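Asker: Sequence and predicted structure are below.
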Amino acid sequence: MDAGLVGDVLEAPSTEHREVIQLSYYAGAETAAIAMALDLLAGTVKSRLHCGEPVMDASGDSVL
């Protein structure tokens, strides 16, 4: 995926969703680590990943 498309994809979700997507997809962090880093419940992280997945699917990639 080219850098321009990545930037476009990451502009679509909210800031909260974008943080989780970046940590999961680009940094390779797991749910528990993301939850700890962002002071969230694991279920919240999973929900945000689930909501962000259609955005990443549109780019040809998957968040999970």
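Answerer: That came through, no problem.
Asker: What are the buried residues along the longest helix along the chain?
Answerer: Criterion DSSP state H: the longest helix present in the chain is helix 42-58. By neighbour count on 16 or more other C-beta atoms under 10 Å, the buried set for helix 42-58 is 44, 45, 46, 48, 49, 51, 52, 53, 55, 56. C-beta: built from backbone N, CA, C; applies to glycine.
Asker: Which of those sits closest to residue 29?
Answerer: Using C-beta to C-beta, residue 45 comes nearest to residue 29 of the buried residues of helix 42-58, at 9.4 Å.
Asker: for that closest one, what are its contacts?
Answerer: 20, 24, 31, 34, 35, 38 (C-beta atoms under 8 Å, 6 or more residues apart in numbering).
Asker: Most neighbours among those residues, which one?
Answerer: Highest neighbour count within the contacts of residue 45: residue 20, with 27 neighbours (other C-beta atoms under 10 Å).
Asker: Let me know whether that residue touches residue 33 as I believe.
Answerer: No: Residue 20 is not in contact with residue 33 according to C-beta atoms under 8 Å; the separation is 11.2 Å.
Asker: what's the next secondary structure element after the helix or strand of the chain with the lowest mean pLDDT?
Answerer: Sorting the helices and strands of the chain by mean pLDDT, DSSP states H and E puts helix 3-11 at the bottom, at a mean of 54. Using DSSP states H and E, the helix or strand that directly follows helix 3-11 along the chain is helix 15-21.
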